[in-house]
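In: curious how this folds, go ahead:
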Amino acid sequence: MLAILDYKAGNQTSVLRALSALSLPARITSSPSELSSASGIIFPGVGAAGQAMGHLRDTGLDALLRELVASGKPLLGVCLGCQILLEHSEENDTRTLGILPGVCRRFDPAKKDGGEPLRIPHMGWNALHFKQKDCPLFEGIEDGTPFYFVHSYYPVPAPSLILADCDYGGTFAAVFGRPGLWAAQFHPEKSGPAGLRLLRNFYDYCHAHSEAPHA
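Out: Predicted coordinates for the structure are as follows:
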């Protein structure tokens with residue numbers, strides 16, 4: 001079963017609907033025992049970094065997430081959940097989880113997109129360009145496939161962690177992480193067949209990981 005982390009930051013239900021459409025077992029939960037026993041965790045979110053981190057700290061979920069990731073539990077951060085895996089966000093000048101090295105910055109409205117002033121938030125379909133094609137999340141997805149984005153801030157992880165990028169007033173990291181710990185700035189649950197394939201790929205990785213013998 002996949003656990004969809006409930007931390008009062010929106011869009012958990014849309015992720016659950018997408019997984020249900022794939023007939024994949026999943027549950028929205030904030031229960032430490034359910035999160036610990038799940039084969040993997042999806043860490044979604046919309047809203048503000050400061051408010052989200054406040055709830056995570058107040059409930060102790062911040063420490064639990066760090067502990068579960070350190071133990072090898074697979075995790076996929078989505079949108080806000082992707083951003084706050086990093087160390088700091090310019091949104092609300094927030095110290096975030098620090099699970100992965102990097103920061104989150106606001107798009108610069110002075111930049112241009114196709115000669116026009118950059119619209120913020122970045123909203124709509126945009127193509128992914130793979131930097132590391134062997135990432136299990138990308139199985140069956142072609143380079144250049146569009147995914148659906150809605151965000152005013154973008155992640156700036158350590159360069160070695162960038163798995164796919166996207167262009168909006170310049171190149172930014174759209175997917176980053178390492179095996180079993182991934183972060184996607186877009187919304188796979190709103191990205192049509194390619195987004196569903198990415199979610200299935202994550203589930204398949206989690207299932208295989210849970211079945212594998214561990215020392």
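In: residues in contact with the helix or strand bottoming out on mean pLDDT in the chain?
Out: Taking mean pLDDT, DSSP states H and E as the measure, strand 112-113 is the helix or strand of the chain with the lowest mean score, a mean of 80. By C-beta atoms under 8 Å, 6 or more residues apart in numbering, the surrounding residues in contact with strand 112-113 are 118-119, 168-169. All C-beta atoms are positioned from the backbone trio N, CA, C, and that covers glycine.
In: how does it look with 10 Å?
Out: Contacts made with strand 112-113 from outside it, assessed by C-beta atoms under 10 Å, 6 or more residues apart in numbering, are listed as 107, 118-119, 122, 167-170.
In: chain center to that strand: distance?
Out: Between the centre of strand 112-113 and the centre of its host chain there is 25 Å, according to C-alpha atoms, centre = their mean, to the nearest Å.
In: adjacent strands (with direction) for that strand?
Out: The strands that strand 112-113 pairs with in its sheet are strand 116-117 (antiparallel) (by DSSP bridges).
In: quick one: buried residues of the helix or strand hosting residue 33?
Out: When secondary structure is defined using DSSP states H and E, the element that contains residue 33 is helix 32-37. Residues of helix 32-37 classed as buried by neighbour count (16 or more other C-beta atoms under 10 Å): residue 35.
In: one more: stretch 143-159?
Out: Going by 16+ other C-beta under 10 Å, stretch 143-159 has these buried residues: 145-149, 151, 153-157.
In: what's the answer for stretch 178-194, then?
Out: For stretch 178-194, by 16+ other C-beta under 10 Å, it's 180-191, 194.
In: most widely separated two among those?
Out: Greatest spacing in the buried residues of stretch 178-194, by C-beta to C-beta: 180 and 190 (24.0 Å).
In: could you list the low-pLDDT ranges of the protein?
Out: The chain contains residues with pLDDT under 70 at 213-215.
In: do a quick rundown of the helices in it.
Out: Assignment of helices within the chain using DSSP state H yields the ranges 12-21, 32-37, 49-59, 61-70, 80-83, 192-211.
In: how about JSON lines for these, with distance to residue 99 added?
Out: Shown next, in JSON lines, are the helices of the chain (distance: least, C-beta to C-beta, whole Å):
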{"stretch": "helix 12-21", "distance to residue 99": "19"}
{"stretch": "helix 32-37", "distance to residue 99": "15"}
{"stretch": "helix 49-59", "distance to residue 99": "12"}
{"stretch": "helix 61-70", "distance to residue 99": "6"}
{"stretch": "helix 80-83", "distance to residue 99": "11"}
{"stretch": "helix 192-211", "distance to residue 99": "17"}
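In: any idea which of those is most buried?
Out: The highest mean neighbour count among the helices of the chain, using mean count of other C-beta atoms under 10 Å, belongs to helix 80-83: a mean of 28.
In: packing partners of that one?
Out: When contacts are defined as 3 or more C-beta pairs under 10 Å, 6 or more residues apart in numbering; DSSP states H and E, helix 80-83 packs onto strand 40-43, helix 49-59, strand 75-78, strand 102-106, strand 146-151, strand 153-157, strand 171-178, strand 181-184.
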